[in-house]
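Q: generate coordinates for the sequence data below:
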Amino acid sequence: MGNGDIRVRGLAARAGGWSVRHRWAAVGIWVLFVVLAMGLGSAAGRVDVDESQSLKGETHTAAKIIEDSGIEEPAGETVLVQAEEGGPKATDAEFRAAVTAVMEAVEATGEVTDVSSPYDLDTVSEDGRSALVQFDMRGDAETASERVEPVLEAVAGVQKDHPSLTIEEIGAASMMKTFDDAFGDDFQKAEYSAVPVALGILLIAFGALVAALLPVLLAITAIMATMGLMGIVSHVMPMGDVANSVMLLVGLAVGVDYCLFYLRREREERAAGRDAQTALRIAAATSGRAIVVSGVTVCVAMAGMLFTGIADFEAMGLASLIVVAVAMVGSVTVLPAMLSLLGHRVEKGRLPYLHPESKLRRRRAGANQDSRLWTAVLGAVLRRPVVAVVVATGALLAVAAPAVGMKTQNLTLDQEFGDSLPIVQTYNRVNDAFPGGSEPAEVVVKADDINSPEVQSALAAFKKEAVDSGASRGPVEIELHAEQGLAFVYVPLVGGSDLDKAGESLVKLRDEVRPATLGGVDGVEAPITGQVAGSHDFNNQLAGAVVPVFAFVVLFAFLLMLLSFRSLTIAITSIALNLLSVGAAYGVLVAVFQHGWGASLVGAEGVGAIISWLPLFLFVILFGLSMDYHVFVVSRIREAWLKGRTTNEAIKHGVVTTAGVVTSAAVIMVAVFAIFGTLSMQSMKQMGVGLAVAVLIDATAIRGVLLPAVMALLGERNWYLPKWLERLPDLTHDEAPEEVARPTARDDEGERVPV
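A: Model prediction:
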């Protein structure tokens, strides 16, 4: 084919063509959009998710009652004073002196209020070796972690003066400070290191500095614009730090991937003898289309999170959806404009031995940069597709098998951080001495007259029955707010840090103790909240969201594939392969983090469960991201088929010619996700490992073996569309912007674009 007129049609091709013809305008509009989005977002400010309002059920009801009352609950802190076996008892003078010293030291900071003695509250353990000094932080509970440092230092000073005792502080403020110190910097370093890692891999892939910088710059500008847009939309749907981090992760992954697809195709066409403008038009009509189909599919998958009814999930879903949409638009508009402006200068900063024109690179890649490895693999797969399908499917099902016994729960502090933080040891010591004392259930009792004899009698009965029923070992504390008609009842749950047992105690409180006591008084509301209750309500709500979210994502992904490829077979196999990939990722997660197989390799000993939100999150993210490779590979296969190649020839051509870009994209994703797998928090480690493993499986076993084997077995049936579905909208267009050999390809549609 010469460099004459090229027939193209479709949104991506038209957008790319316009951007090439108006390249300075395209770049200017993009820069203006990013600057405006950031400016408007900064001016609007960001409204963050209110954790107390993020759930439904009793947790939400309790939070609403407290909010309406105007009562601001302070951040509670506790100091554990504990003697070793054979040491002084709480009744001894030495022990009492230490307790008094703690109370005086924390009061002297001026940062605390309501300091309570364990001898007044009866917070002395049964064996007499442990006691709890309790107090509240002054000021807003949300910012208490910023003011707790002097209190921690005061407690540490008392510990130095009493070396024979263990004196340690724990509570909402101190745990949040520990969390910020241990995890905030850790996570920030991971975010900052993700960009250099991606850039390094792109340098190896392209062998030129400018070509490697383009995808990173597009991803970064897409992320910057999205951060601004998040501030604007947060006034309608609150955002948060978790949504911000997930957005960065997804934005970097898809932004780099989309540019990689586009750049590689443009390079391939220029290597085939096309001039720069023709190569750009072909890249727009082919890779551009794959980016649009993939981007829309990812957006649909992310939209599935909006059906959970959980504020954090909704924020993550919307933030991810926005960054994918922004990266997709940038890839088909500003990227071709930049490539047109740069021309051959995109090869500036060539690296010896890495650039495609180097002898070493040519020996490795061959004249057309086909992968020798994947050529060999494809040859074996296409010769024996039945064997390939059976072996690959069997292996993936075996990997997925552990997922059948998946156990999900919100991780406790010791599960989240292991023994890496001193406060975890404090948490365990408090729970051993006072089961459930560090995370008591909170009963919010609302009545017209909280001091009425009926209500007071019911409160006393609840306090007694909570212990008698076995749900708590006490002490049960009651805090009255007569003016607001409220009482807060704090119940340490039997089970402590064991969420399964603590959950059983919570159910006993809700289903047995409350109905028999407070439930007998007309007009009394008594929702039960707290960390264990929040975890319980979160899991219940999440379980109810699984079916609608799965159904939404699978159904719409199926419809998009059906309309984009006009093939019922492609749509069905796409969904099946993606589900198999997700299942294998689940299996690896359960094997490593729940059963501990190879857990030491990722520093995950002793977790024993998967964080509750991860399975649904992984499903949505992976189902979306895996479409990147799938759409790119299948589009290339269909393009070759439309040119007249046999199905097997088209499969081989499509897989082998995309092997380099898919491998590079997968290596970047795996590397970026693996960085998050190095974090100290087990939930982030699980997310990083799960995403990295899933992408690795998807780019190798699924796209390199199972997809070509299945398509080889199906033959011409790959393109089957029943007559009754032919009335569906036709979102396909000629992936090959040249005269096609098949009579089914439409020769009379599309516009002619001179280049």
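Q: does anything pack onto the top helix by length along the chain? Which helices or strands?
A: For the chain, the helix with the greatest residue count under DSSP state H is helix 531-565. Contact analysis of helix 531-565 by 3 or more Cβ pairs under 8 Å, 6 or more residues apart in numbering; DSSP states H and E lists helix 58-69, helix 276-303, strand 408-409, strand 441-446, helix 499-508, helix 568-589, helix 614-642 as its packing neighbours. Heads up, the C-betas are built off the backbone N, CA and C, glycines and all.
Q: now the ones you listed in a markdown table, with distance to Leu202 and mean pLDDT?
A: Below are the helices and strands packed on helix 531-565 laid out as a markdown table (distance: least, Cβ to Cβ, whole Å; pLDDT from 0 to 100):
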| stretch | distance to Leu202 | mean pLDDT |
| --- | --- | --- |
| helix 58-69 | 45 | 83 |
| helix 276-303 | 16 | 81 |
| strand 408-409 | 36 | 79 |
| strand 441-446 | 51 | 88 |
| helix 499-508 | 43 | 82 |
| helix 568-589 | 24 | 90 |
| helix 614-642 | 16 | 82 |
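Q: any chance you could map the strands in the stretch 1-150 of the chain?
A: 6-8, 76-83, 112-116, 130-137 (DSSP state E, counting those that start in this stretch).
Q: make TSV out of the helices and strands packed on helix 531-565 and add mean neighbour count and distance to Met338.
A: Below are these laid out as TSV (neighbours: other Cβ atoms under 10 Å; distance: least, Cβ to Cβ, whole Å):
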stretch	mean neighbour count	distance to Met338
helix 58-69	19	48
helix 276-303	26	10
strand 408-409	18	44
strand 441-446	24	56
helix 499-508	20	51
helix 568-589	21	31
helix 614-642	25	21
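Q: so which of the ones you listed comes closest to Ala37?
A: Ala37 sits nearest to helix 276-303 of all the helices and strands packed on helix 531-565, at 17.5 Å, using Cβ to Cβ.
Q: and that closest one, what does it pack onto?
A: strand 6-8, helix 11-21, helix 241-271, helix 311-332, helix 334-342, helix 531-565, helix 614-642.
Q: helices and strands around the third one, which ones?
A: Right, the one you point to is helix 241-271. Helix 241-271 packs on helix 185-206, helix 209-233, helix 276-303, helix 311-332, helix 334-342, helix 614-642, helix 647-676, going by 3+ Cβ pairs under 8 Å, 6+ apart.
Q: of all these, which one comes closest to Val112?
A: Using Cβ to Cβ, the nearest of the helices and strands packed on helix 241-271 to Val112 is helix 185-206, at 26.9 Å.
Q: most distant residue from the centre of the protein?
A: Ala93 (52.6 Å; Cα atoms, centre = their mean).
Q: that older thread, which among the helices and strands packed on helix 276-303 is found nearest to Gly660?
A: Here helix 241-271 is closest among the helices and strands packed on helix 276-303 (Cβ to Cβ), at 6.8 Å.
Q: quick one: distance of the closest one to the chain centre.
A: Relative to the chain's own centre, helix 241-271 is displaced by 18 Å; criterion: Cα atoms, centre = their mean, to the nearest Å.
Q: what's the answer for stretch 93-107, then?
A: That offset, for stretch 93-107, works out to 45 Å (Cα atoms, centre = their mean).
Q: same thing with stretch 170-185?
A: 21 Å.
Q: how about residues contacting that stretch?
A: With contact meaning Cβ atoms under 8 Å, 6 or more residues apart in numbering, stretch 170-185 is reached by 75-78, 80, 137, 141, 144-149, 151-152, 413, 417, 420-421, 423, 426-427, 430, 438, 679-681, 684.
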